[in-house]
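Asks: Based on what follows, work out the 3D shape:
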Amino acid sequence: MTPKSILAKRGRKLDASEKEAHDPISAHDLHITYPEKDVRTIGVVAFSGNMGPAMDILQHWAEANPGIKVYINGYLKSFARNGITTKPDAFLCTKVDLLLSLGGDGTFLSAARMVRGASTPILGVNLGRVGFLADASLDDLGRILDEIQRREYSYRRRMLLQVEVFKGSDRLLEDIALNDVAFTGQMGHQMVDLKVTAQGRFLTDYWVDGLLVSTPTGSTAYALSAGGPIIHPSADSLLLTPMNPTSLSVRPLILPDYMLVSVRSNLGRDQEVNMFVDGRNQFKLKPEHTVLIRKHKDGVRLVRPKGSSYFESLRSKLGWTGSRRSRDATVGTA
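Replies: Modelled structure (predicted):
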């Protein structure tokens, strides 16, 4: 058992020097915290795909650990046996110590929406392809669950966006985004003209194929494909990424997280702008609408398995390379 888990078992928080000894990078990261109680209940959600292999692992683990209750959502109800019980989403959001998301990043985004406003941490198990959010592999699931039982893991808080649409003083929509809010033209080819302000001050008019307002988490999603920078998840900020602007001088822009971003359409009344929140909840934006985007007062907690490294995730997901000497000299788990 590691020194960190021993201290956690005693119910004492790690002080700065102990964190420094355990992880010299994450020790200074206020977004990273450590568990203070044992996990006794686990919720599991999935929404599509073949869940047989994943549920086989979970069923065997649950049988070996009868003291931990496992609950599943409606999509997984055919696996409700051997102590695994089906529960509604409202229960899984707030009444479990840990939520497993089985699938890809899309499933993880849905799970994050489920727990909005709650402190339930999420572990994403990647059954898809890239998986920046759901980055725990199925092969490692049993080992990670054993480590969670021993408190050999940590949490990383991720920023959320609060999204509101107004028509005058009437609020038409309220939502949250873990990745981004996207504005695009109709039929996927019409350009859009968007007036954007930041903290009440006019920024610019974007004449673009689309505009992304992203969190640091979303910087490795659509914003990355659009040429935006990668932002470390602990650097809370807002990223504005124009897609195919008419002017080469219009570049991605990083704003501090306290700023309120306002977006309005400059198009004619007979033209609409598509708005997507984390790829869903499409809203038809007209000139009389105002979209307000700000940092949400709550974030979402991700489970960081033992040895988790954001830099390692970037290297593996994006195919980055480096000399063997550089890799061997690296310490810490950012």
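
Asks: Low-confidence ranges, this protein, go.
Replies: 1-27, 130, 187-189, 322-334 (pLDDT under 70).

Asks: Outline the domain layout of it.
Replies: 3-159+299-329, 161-295 (automatic domain parsing).

Asks: Tabulate those domains in TSV, adding columns for mean neighbour count.
Replies: For every residue, glycine as well, the C-beta is placed using N, CA and C. Output for those, formatted as TSV (neighbours: other C-beta atoms under 10 Å):
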stretch	mean neighbour count
domain 3-159+299-329	17
domain 161-295	18
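
Asks: What segments of the protein are helices?
Replies: 3-9, 16-22, 52-64, 89-94, 105-114, 141-149, 222-225, 310-318, 324-329 (DSSP state H).

Asks: In contact with L224, which residues?
Replies: With contact taken as C-beta atoms under 8 Å, 6 or more residues apart in numbering, L224 is in contact with I230.

Asks: how much space between it and S308?
Replies: 20 Å (C-beta to C-beta, to the nearest Å).

Asks: again, but for D180
Replies: Relative to S308, and taking C-beta to C-beta, D180 is found at 23 Å.

Asks: again with L314
Replies: Counting by C-beta to C-beta, the gap from L314 to S308 is 12 Å.

Asks: do the same with R158
Replies: Counting by C-beta to C-beta - R158 and S308 are separated by 13 Å.

Asks: same deal with E174?
Replies: 33 Å.

Asks: go on, P216?
Replies: From P216 to S308 the distance is 16 Å (C-beta to C-beta).

Asks: Ok, L133 next?
Replies: Applying C-beta to C-beta to L133 and S308 gives a distance of 13 Å.

Asks: again with L145
Replies: Counting by C-beta to C-beta, the gap from L145 to S308 is 15 Å.

Asks: R269 too?
Replies: 50 Å.

Asks: again with L255
Replies: 28 Å.

Asks: next one: H232
Replies: 14 Å.

Asks: Same check on D170?
Replies: D170 is 44 Å from S308, by C-beta to C-beta.

Asks: Equivalent analysis for Y153, please.
Replies: Y153 is 8 Å from S308, by C-beta to C-beta.

Asks: cool, and A54?
Replies: 20 Å.

Asks: Quick one: residues contacting the spatially most central residue of the chain.
Replies: By C-alpha atoms, centre = their mean, the chain has its centre lying nearest to L178, at 4.9 Å. If a contact means C-beta under 8 Å, 6+ apart, then L178 has L109, A112, R113, L133, R158, L160, L161, T215, T217, G218, D278, V300 as its contacts.

Asks: what's the distance between it and L161?
Replies: 8 Å.

Asks: Give me the common contacts of those two.
Replies: T215.
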